[in-house]
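# sequence? don't have it. structure:
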């Protein structure tokens, strides 16, 4: 089965610009998570979708971040306008169910650099 | 909320030695503890996990131990090999919660 894919792999933008990251979960996985790792720190939860609904967005840093999952398949994470502190690696993960024992499969991440 | 502390941040060992990475968590309601390995330029991948109803789990050269009373869990890698070099992340999942709470990661370097 194909794994979680993310696009782009790298993005370099200027402060104030807009960037949109995309995640395609494993087919059939209803649960989709976004995480972010700022250099040297922990992988931090951003939000969780169940199908097209936001189940938990408590980790979203501020209203410059907007996540969508129209149709319950792929998801996008838009940062507008980007700030320097938004730099980091953005990971997407998916699971078939939202049970605690279900393995979260990660994508390769998008490395975002804001200059 | 849950907080996961991971130590050490870096670990260098000689090939064939053992490596131990330790994590502590704060929320006693956490009941699932996975370990992820991230090789350079690749995605984090689950290597082993443990649930709160067991104290130890082993898979070939890797093992994880859990002490619920002390709220800490550890990853043990025996007979290390150069291909074990990677960043290792521990995580905790709280029953009824939504997402994994990760530690800051340990960079393991195995030299031959």
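Thanks, I have it. Model, not experiment: these values are computed from the prediction. Numbering: from 1, shown residues only, chains lettered A, B, ... in the order given.
# end-to-end on stretch B:13-28?
Stretch B:13-28 has an end-to-end distance of 32 Å (Cα to Cα, to the nearest Å).
# and that stretch, what's buried?
B:13, B:19-25, B:27 (16 or more other Cβ atoms under 10 Å in any protein chain shown). Yep, even glycine has a C-beta here, placed from its N, CA and C like the rest.
# what's in contact with stretch A:29-38?
Stretch A:29-38 is contacted from outside by A:23, A:25, A:43-51, A:55, A:67, A:69, A:72, A:75, A:77, A:85, A:87-98, A:102, A:104-105, A:109, B:99, B:102, using Cβ atoms under 8 Å, 6 or more residues apart in numbering or on different chains.
# those in strands, which ones?
Among the contacts of stretch A:29-38, DSSP state E puts A:23, A:43-50, A:55, A:67, A:75, A:77, A:88-95, A:105, B:102 in strands.
# of those, buried ones?
Among those, the ones that count as buried by 16+ other Cβ under 10 Å are A:23, A:43-50, A:67, A:75, A:77, A:88-95, A:105, B:102.
# where does pLDDT dip in chain A?
Low-confidence segments of chain A (pLDDT under 70): A:1, A:99-101.
# what residues does it have near chain B?
A:3-4, A:33, A:35, A:40-45, A:48, A:55-56, A:58-59, A:91, A:98, A:100-101, A:103-109 (Cβ under 8 Å from any Cβ of the partner chain).
# residues contacting residue 83?
All of this is about chain A. Residue A:83 neighbours (Cβ under 8 Å, 6+ apart): A:15, A:64, A:114.
# that answer is for a different chain, and I need it for chain B
Applying Cβ under 8 Å, 6+ apart to residue B:83 gives the contacts residue B:110.
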